[in-house]
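>>> sequence and predicted model, in that order:
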Amino acid sequence: MTESTYSASAIGFVVERLDDETLVYDTGTDKVHALARPASTIWDACVAADGAATIADLAATTGVDEATVAEALDGLAAAGLVTASIPGHLDRRSFVRKVGVGVAATAGLALVTTMAAPAPAMAASGPGGGGGSSGGSCDGPECGG
């Protein structure tokens, strides 16, 4: 059976790196994806691969175990950050059963979290939706009043 391959591009994304995670803003969908360190490492490797990479390739390149790579790719693909080419599709559960390495380390850990970004007017309006320089008023403690 031919292995699945994964590819990614950073085009159309605004990336902000923080201490333990990476925020990726998708300008096409107005969604923000928070990538935990393993997912960020895998996404960076997919972008750098400049083509198709397998789970084994990504594990060898990044030093991340194959089960964590598979989990990260699952989340990245669901978020639309990587594209998968899956001949004879082997789902994640079957893969984890087959590989079985590092599953306990990733259990319950969200590697990719996606949320809708606020509309620009909403984000600029300040606390309570009307404060800041937009002319609204705010008398609450969050505004110093």
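Yep, it's here.
>>> pLDDT weak spots in this structure?
Low-confidence segments of the chain (pLDDT under 70): 1-2, 87-109, 120-145.
>>> in it, mark out all the helices, start to finish.
Using DSSP state H, the helices assigned to the chain run over residues 37-49, 55-62, 66-78, 92-99, 103-106, 120-124.
>>> remind me what the second one packs against, helices and strands.
Spelled out, that is helix 55-62. Here helix 55-62 touches helix 37-49, helix 66-78, going by 3 or more Cβ pairs under 8 Å, 6 or more residues apart in numbering; DSSP states H and E. (C-beta placed from N, C-alpha, C; glycine too.)
>>> pull out the buried residues from it.
55, 57-59, 61-62 (16 or more other Cβ atoms under 10 Å).
>>> which of the residues you listed sits closest to residue 19?
Using Cβ to Cβ, residue 62 comes nearest to residue 19 of these, at 18.6 Å.
>>> need the contact list for that closest one.
Counting by Cβ atoms under 8 Å, 6 or more residues apart in numbering, residue 62 touches 41-42, 45, 69.
>>> tabulate those residues (CSV), appending neighbour count and distance to residue 82.
CSV is the format used below for the contacts of residue 62 (neighbours: other Cβ atoms under 10 Å; distance: Cβ to Cβ, whole Å):
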residue, neighbour count, distance to residue 82
41, 20, 13
42, 32, 8
45, 21, 10
69, 30, 11
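>>> please identify which of these is nearest to residue 117.
So of the contacts of residue 62, ranked by how close each gets to residue 117 (Cβ to Cβ), first place is residue 42, at 22.7 Å.
>>> can you tell me the closest non-neighbouring residue to residue 29?
Take residue 29 and drop its neighbours on the chain: the residue closest to it by Cβ to Cβ, 6 or more residues apart in numbering is residue 80, 7.2 Å away.
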